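**Student:** fold the stuff below for me.
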Amino acid sequence: MKILVIHGPNLDLLGQREIDIYGKFTLEEINEALKKLANELKVSVEAVQLSGEGEICKQIGSARQTYSAVVLNPAAYTHYSVAIRDAVAACQVPVVEVHLSNIYAREEFRHKSVIAPVAAGQISGFGMDSYLLGLRAAVGLVNRKAT
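**Tutor:** All right, here's what the predicted structure looks like:
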């Protein structure tokens, strides 16, 4: 089983920006933690960081050809990208939406996710653990679908 992790815009700046919200860890540290957990779960994980909406849509659109599921942090696109929402809806593999911060405890404009209604589920507010929980959820969804 191969899982795709997509990190959205500005996540390459983790550890440098808004540390009080996102923490001191870097994207590289998240990816290392994901690889370690993937080994424990006996799956493989490939992580990409993409800033462009079209790039994200393209990765999601082609995911079913290679991956069993997607873990997606759409970052700021969460709140308004109908294009990413439509890509998730058409994906044909489970997509788990993740967020480092609790988007519902932040500014009001962040309280709405246009992705959540078409994602298999959403995990937010647990920092780096949101990604790890998302990976576990994705693997669980694929395993349940296979039985």
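**Student:** wait, a helix at Asp86?
**Tutor:** Yes - counting by DSSP: H, G, I helix; E, B strand; the rest coil, Asp86 is located in a helix.
**Student:** so what's it up against?
**Tutor:** Residues counted as contacts of Asp86 (CB atoms under 8 Å, 6 or more residues apart in numbering) are Cys57. Heads up, the C-betas are built off the backbone N, CA and C, glycines and all.
**Student:** ditto for Ser81
**Tutor:** Glu53, Ile56, Pro74, Val114, Ile115.
**Student:** what are the boundaries of the strands in this protein?
**Tutor:** Along the chain, counting by DSSP state E, strands occupy 2-7, 44-49, 69-73, 95-99, 121-124.
**Student:** let me have these in JSON lines, extended by distance to Gly140 and mean neighbour count.
**Tutor:** Output for the strands of the chain, formatted as JSON lines (distance: least, CB to CB, whole Å; neighbours: other CB atoms under 10 Å):
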{"stretch": "strand 2-7", "distance to Gly140": "11", "mean neighbour count": "23"}
{"stretch": "strand 44-49", "distance to Gly140": "15", "mean neighbour count": "17"}
{"stretch": "strand 69-73", "distance to Gly140": "9", "mean neighbour count": "28"}
{"stretch": "strand 95-99", "distance to Gly140": "10", "mean neighbour count": "26"}
{"stretch": "strand 121-124", "distance to Gly140": "10", "mean neighbour count": "20"}
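**Student:** no more questions from me, cheers.
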